[in-house]
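Trainee: predicted model follows, preceded by the sequence.
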Amino acid sequence: MKVEVKVEGGVARIFLNRPEKSNALNSGFLQELLLAFERLEVEKIRVAVLAGHGKAFCGGADVKELSSLNAGNAAAFVERIHKVCAAIRALPVPVVARLHGAVIGAGLEIAAACDLRIAANGTRFAMPEVKLGIPSVVEAALLPRLMGAGRAAWLVLTGEAIDAQQACDWGFLEEIHSPSGLDAGVERLVRSLLSADRDALREQKRLLQLWQEAPLAVSIRDSVQAFSRCFAGGNTISSRLEGKKD
């Protein structure tokens, strides 16, 4: 199995499990990863963590498959990457990316599709597609929203790697930790997410994605409606807090 899934205590942990190939993504791997996200029982989980076994989170698209692409199958391959990213974004709970080693190309796009990203010092990030004679596509479109247009342009136009500190300074990462402290950092974030109100957290994820894509006026109008819905049926902040104590 190229994907390992563990669910416990309301947390789904999904592991890329092709360590002998630096978790490089081929069509079979992408399909397995897509099914892993689609088959999660979302009513039983409150947080998901995406990580990679081995020395790297993801070394990008599998070079062997990239070498076999042609005009007849290239679009289908990148569409598989997009479907994985879309499934991550469609998951109604926050998805945390635990990053280490290398986060390259399609692997970086998958990390960008997650809601929060934490990495170990020493992790390298790159979008090297232009060096291979192809552009960065699909969820690379999220990069200007995460780090700004100029920095995203630098990443995809030069193809050069940046380190974890620079990725954090640019806004791609939320936290960096020592390699030995990475898991503890992830667990602190998971506990913080678990402490939030389940329904409010799901609504907040939906709103965050709306804010990325919709005009400001639409985002504000929808946000007001979402706020009002929280008080339907006589709910109040006090009643919600009392419910949490129970």
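Mentor: Okay, I see it.

Trainee: quick one, helices of this protein?
Mentor: Under the criterion DSSP state H, the chain contains helices at 27-38, 63-68, 74-90, 106-113, 143-147, 149-158, 164-169, 182-194, 198-213, 216-229, 237-245.

Trainee: between the ones you listed, which has the poorest mean confidence score?
Mentor: Mean pLDDT is lowest for helix 237-245 among the helices of the chain, at a mean of 57.

Trainee: ok, which of the helices of the chain comes nearest residue 120?
Mentor: Evaluated over the helices of the chain, closeness to residue 120 peaks at helix 182-194, with 4.5 Å, by Cβ to Cβ. Bear in mind the C-beta positions are built from the backbone N, C-alpha and C, glycine included.

Trainee: thinking again about what came up before, pick the most buried one from the helices of the chain.
Mentor: The highest mean neighbour count among those, using mean count of other Cβ atoms under 10 Å, belongs to helix 106-113: a mean of 27.

Trainee: now the angle between helix 27-38 and that one, please.
Mentor: Here helix 106-113 points in a direction 10 degrees away from that of helix 27-38 (axes from the mean of the first three to the mean of the last three Cα atoms, to 10 degrees).

Trainee: please shift the residue numbers so they start at 37 in all later answers.
Mentor: From this message on, residue numbering opens at 37, which makes the last subject helix 142-149.

Trainee: break this protein into its domains for me.
Mentor: The record's domain parsing of the chain by automatic domain parsing lists 39-230, 234-281.

Trainee: pretty sure residue 164 sits against residue 194.
Mentor: No. Counting by Cβ atoms under 8 Å, residue 164 does not reach residue 194; the two are 9.1 Å apart.

Trainee: next, the contact list for the closest residue to residue 101 other than its chain neighbours, please.
Mentor: Of all residues not flanking residue 101 in the chain, residue 62 sits nearest, at 4.6 Å (Cβ to Cβ, 6 or more residues apart in numbering). Counting by Cβ atoms under 8 Å, 6 or more residues apart in numbering, residue 62 makes contact with 97, 98, 100, 101.

Trainee: for residue 137, same thing?
Mentor: 58, 88, 90, 91, 92, 93, 156, 158, 159, 160.

Trainee: got a ChimeraX select line for the buried ones in the residues you listed?
Mentor: Typed into ChimeraX, the next command selects the buried ones out of these (criterion: 16 or more other Cβ atoms under 10 Å):
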select :58,88,90,92,93,156,159,160
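
Trainee: now residue 260: how far from residue 242?
Mentor: 14 Å (Cβ to Cβ, to the nearest Å).

Trainee: let me fix that: residue 184
Mentor: Distance from residue 184 to residue 242, counting by Cβ to Cβ: 24 Å.

Trainee: any idea how far apart the tips of stretch 212-224 sit?
Mentor: 13 Å (Cα to Cα, to the nearest Å).

Trainee: stretch 126-145 now?
Mentor: Start-to-end, stretch 126-145 (Cα to Cα) is 15 Å.

Trainee: neighbours of residue 84, how many?
Mentor: Neighbourhood size, residue 84 [other Cβ atoms under 10 Å]: 25.

Trainee: just the pLDDT for residue 268.
Mentor: 82.

Trainee: burial check on residue 83, number of neighbours?
Mentor: Residue 83 - counted by other Cβ under 10 Å - has 23 other residues nearby.

Trainee: can you pull the contacts of it?
Mentor: By Cβ under 8 Å, 6+ apart, the neighbours of residue 83 are 46, 47, 48, 129, 130, 131, 132, 226, 229, 230.

Trainee: no more questions from me, cheers.
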